[in-house]
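Participant: build the 3D model from these lines:
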Amino acid sequence: MEYLAKINRMEPCELIETKEAKGLPEKCGKKIKDIGADGLEKQFKDEYIICLFDRGKDMSSEEFARFLEDTDSSGSRNKTFVVGGFLGLADRILKRSNLLLSFSRMTFSHELTRVILLEQIFRALTINKGRLYAK
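Facilitator: Next comes the predicted model:
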């Protein structure tokens, strides 16, 4: 992942993927989300949890950069960004989050959302360090 490498040159960043529920039909949506939630909760410690959610808070890239800077300067905990699977996130994960963040009201695959998230984190770090980044 190109953006992950770029981010790690500025700040430590780790990408963790949980196992997806396999072998269950889509009609078992709640069960699939619960299995995903179990995997996520095993990773959580005392982080500031930000869930990507299509009905979450909209931010411009500059606002997102300020948000990252503000949470860093306030001595906040490490930030954990959570991207759901093809059915989204379980309600208990959404409720546990400190922020629901939206990149768009459109729905994107979790693979594409991950790339957009990493690019926006890199862009925000670049903005906060006063470096130029193409618009």
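Participant: so how far is Lys27 from the residue positioned nearest the centre of the chain?
Facilitator: The centroid of the chain falls nearest to Phe81 when counting by CA atoms, centre = their mean (2.8 Å). Separation of Phe81 from Lys27 (CB to CB, to the nearest Å): 29 Å. (Each C-beta comes from the backbone N, C-alpha and C, glycine too.)
Participant: that's a strand at the residue nearest to the centre of the chain, yeah?
Facilitator: Yes - secondary structure of Phe81 (DSSP: H, G, I helix; E, B strand; the rest coil): part of a strand.
Participant: so it bridges to which residues?
Facilitator: Beta-bridge partners recorded for Phe81 (DSSP bridges): Ile50.
Participant: same thing with the one 4 residues further on?
Facilitator: Beta-bridge partners of Gly85, counted by DSSP bridges, are Gly88.
Participant: would you check that Thr107 makes contact with Asp54?
Facilitator: Yes - the criterion here is CB atoms under 8 Å, and Thr107 meets it with Asp54 at 5.9 Å.
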